[in-house]
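Q: Fold the following.
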Amino acid sequence: MWTTAQRRRLTETPYADALERHAGAGIANFHALPIGSLSHAPDPEVSVHAEQLRRLFGSRMLATQVTLGSPELDSFFRAHRSLARSRRLTAEAFGADETHYVTTGTTGANQIALEALRVGGARVLVDRSMHQSIHFALDRLGAEVHYAPTTPADAEHGVITALRRARAEGVAYDVVVIGVSAYDGALVQMRRFLSALHELTADTGCRVLVDEAWTAIHAFHPALRRNAAVPCIREALDDHPDWPASFLVTQSTHKSMLALRQGSYVHVLGSASVRADVHAAVYRVHTTSPSLPIVASLDVARAHAVAEGEALVERALVLADRIRDLARSTPGLDVHQPVPALGGAYALDPMKVHVDLGSPERAHVVRRELFDEYGIFVSRQDGATLLFTVHVGVTPEQVDVLAEGIEAICGTGRTVAAGALDSRYVIAYPPGIPLQVPGEQLAAPPELRGGEELYSTF
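A: Below you'll find the model as predicted:
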């Protein structure tokens, strides 16, 4: 994907290097409290808690919590030195025109993106399965929201269907919002989607927010890159230079890359005016006290992905196949293929493995005992199915333990039913995707499988 010279440049970490130089430099700070300065506090009552912080986070981590405006550390909102260079390198690695770093998670990144796209009062076509941050931000900003129809497994994407209908009726949407990498591993076929989108908007243009929460790392593996959002959008825009389209892509970087929690990217592919709108939105929406460790981790995450991403993703793919083989060879278990993965608008993320345990009760017991007895956390149970996300941090030794646990565990579980709800958002967490949006009526009560899924209503 890159020449030797490009790879050398893209693995630089200018911002992280600058923060390292400042961490623990012994600067007397008469500004906001840098908590690392308490590491040698003489007061015993302060020291005991400072020691607790050191045990939790380590002295070096505390030392990075600086609160100084050093020119070398750059300005978060008017970057022109180390942070500016870091962001340019990240944009180049992905294929974006610009990339912004966000330290308030993709909830914050999505709010920045929608603010930049000026959705207030606009007609916005929304993928029904978007994260709650999208739904709440659209409501807060006063958008005129239209939900795309649910996509059947063998059909084109519901967003495209809605755009076709609107075009036939002589109406238009100002902004399109789509999620392309779901919690359960359903991936939008990006090239197919972009081809249809270009067909429908080649003359009118479009402004699109793409939420690619779970698969930022895919851009660094040759096979998976072919369906990754930013590279595919870059290819489409290069193939159609006259297409007046602008895209913002948000990624929960920490979900798949070497970034601290709440680290997120906002990639911009579009006109100079859109890039200016994103700059302004970052200034309006983002905290004025960004976490410098998170910023530095976003710098390191890109360098790490360029240097080692392909090899680590390849290892993860091998381990995912090993879990599938384990499921197929264990009596009473099988591999479950989610319906959206069967064709049409979607592909299935090969780093996600759905193991069918045969019954919700058995799945609940296996999930609980994997955690209690083997120290293995499985985030999601969907009926009889457990979802294993094989990220780049999963090791062969951990899969060995998983195999031992699955082969040893048996038992029964339980299902707990929830009451019927209507006329509100109904949101299960994880993953924070609404089961119901305003104006919809549930046909049957939602289930709380395993007694651990929490529903919020708004």
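
Q: and the helix or strand hosting residue 368, what does it pack onto?
A: Element membership for residue 368 (DSSP states H and E) is helix 360-374. With contacts taken as 3 or more Cβ pairs under 8 Å, 6 or more residues apart in numbering; DSSP states H and E, helix 360-374 sits against strand 380-382, strand 385-389, helix 396-408, strand 415-417, strand 447-449. Glycine gets a C-beta too; all of them are placed from N, C-alpha and C.

Q: again, only using 10 Å
A: Here helix 360-374 touches strand 352-356, strand 380-382, strand 385-389, helix 396-408, strand 415-417, strand 447-449, going by 3 or more Cβ pairs under 10 Å, 6 or more residues apart in numbering; DSSP states H and E.

Q: Quick one: mean pLDDT for it?
A: The pLDDT scores in helix 360-374 average 94.

Q: re the thing from before, mean neighbour count and mean pLDDT added to the helices and strands packed on helix 360-374, as a markdown table?
A: Shown next, in a markdown table, are those (neighbours: other Cβ atoms under 10 Å; pLDDT from 0 to 100):
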| stretch | mean neighbour count | mean pLDDT |
| --- | --- | --- |
| strand 352-356 | 23 | 96 |
| strand 380-382 | 19 | 92 |
| strand 385-389 | 22 | 97 |
| helix 396-408 | 15 | 95 |
| strand 415-417 | 12 | 36 |
| strand 447-449 | 18 | 44 |
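
Q: can I get those in CSV with distance to residue 76?
A: Converted to CSV, the helices and strands packed on helix 360-374 look like this (distance: least, Cβ to Cβ, whole Å):
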stretch, distance to residue 76
strand 352-356, 34
strand 380-382, 35
strand 385-389, 31
helix 396-408, 36
strand 415-417, 45
strand 447-449, 41
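
Q: hang on, residue 136 in a strand?
A: No - counting by DSSP: H, G, I helix; E, B strand; the rest coil, residue 136 is not found in a strand; it is helix.

Q: Double-check it against residue 107; I have them as touching.
A: Yes - Residue 136 is within contact range of residue 107, at 8.7 Å (criterion: Cβ atoms under 10 Å).

Q: quick one: buried residues of the helix holding residue 368?
A: 360, 361, 362, 363, 364, 365, 366, 367, 368, 369, 370, 374 (16 or more other Cβ atoms under 10 Å).

Q: try stretch 48-61
A: By neighbour count on 16+ other Cβ under 10 Å, the buried set for stretch 48-61 is 50, 53, 54, 57.

Q: Which of those fall within helices?
A: Among the buried residues of stretch 48-61, the members found in helices (DSSP state H) are 50, 53, 54, 57.

Q: Now do the second one against residue 358, distance only.
A: Read it as residue 53. The gap separating residue 53 from residue 358 is 46 Å, by Cβ to Cβ, to the nearest Å.

Q: same question, the first one
A: Shown here: residue 50 relative to residue 358, a distance of 52 Å by Cβ to Cβ.

Q: per-residue pLDDT, the residue lying closest to residue 215 once chain neighbours are set aside?
A: Of all residues beyond its chain neighbours, the one nearest residue 215 is residue 181 (4.1 Å), with distances taken as Cβ to Cβ, 6 or more residues apart in numbering. Looking at residue 181, its pLDDT reads 95.

Q: surely residue 181 meets residue 219?
A: No - contact criterion Cβ under 10 Å: residue 181 and residue 219 do not qualify, at 11.3 Å.

Q: Name the residues contacting each of those two.
A: Counting by Cβ atoms under 10 Å, 6 or more residues apart in numbering, the contacts common to residue 181 and residue 219 are 212, 227, 228, 229, 251, 256.

Q: Now do the last one: how many residues are near it, please.
A: Yep, that's residue 256 we're talking about. Residues near residue 256, counting by other Cβ atoms under 10 Å, number 28.

Q: how near is the spatially most central residue of the chain to residue 393?
A: Relative to the mean C-alpha position of the chain, the nearest C-alpha, by Cα atoms, centre = their mean, is the one of residue 213, at 2.1 Å. Using Cβ to Cβ, we find residue 213 at a distance of 17 Å from residue 393.

Q: repeat for residue 264
A: 18 Å.

Q: Neighbour count: those two, which is higher?
A: A direct count of neighbours by other Cβ under 10 Å for residue 264 and residue 393 places residue 264 higher, at 27 against 10.

Q: Which residue is the nearest non-sequential neighbour of residue 71?
A: Nearest non-adjacent residue to residue 71 (Cβ to Cβ, 6+ apart): residue 81, at 6.6 Å.

Q: ok, the one you found - contacts?
A: Taking Cβ under 10 Å, 6+ apart, one finds 14, 15, 18, 70, 71, 72, 73, 74, 75 in contact with residue 81.

Q: Equivalent analysis for residue 247, please.
A: Residues in contact with residue 247 (Cβ under 10 Å, 6+ apart) are 96-97, 113, 176, 194, 197, 206-210, 229-230, 233-234, 236-237, 267-270, 274.

Q: Which ones among these lie within strands?
A: Among the contacts of residue 247, DSSP state E puts 176, 206, 207, 208, 209, 210, 267, 268, 269 in strands.

Q: got TSV for those, with pLDDT and neighbour count too?
A: Converted to TSV, those look like this (pLDDT from 0 to 100; neighbours: other Cβ atoms under 10 Å):
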residue	pLDDT	neighbour count
176	98	24
206	96	21
207	98	25
208	98	24
209	98	27
210	98	27
267	98	29
268	98	24
269	98	25
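
Q: Got the domain ranges for the chain?
A: As recorded under automatic domain parsing, the domains making up the chain are 13-63, 82-303, 416-457.

Q: Regarding the second one, how distant is the last residue from the first?
A: By Cα to Cα, to the nearest Å, the extent of domain 82-303 from end to end equals 14 Å.
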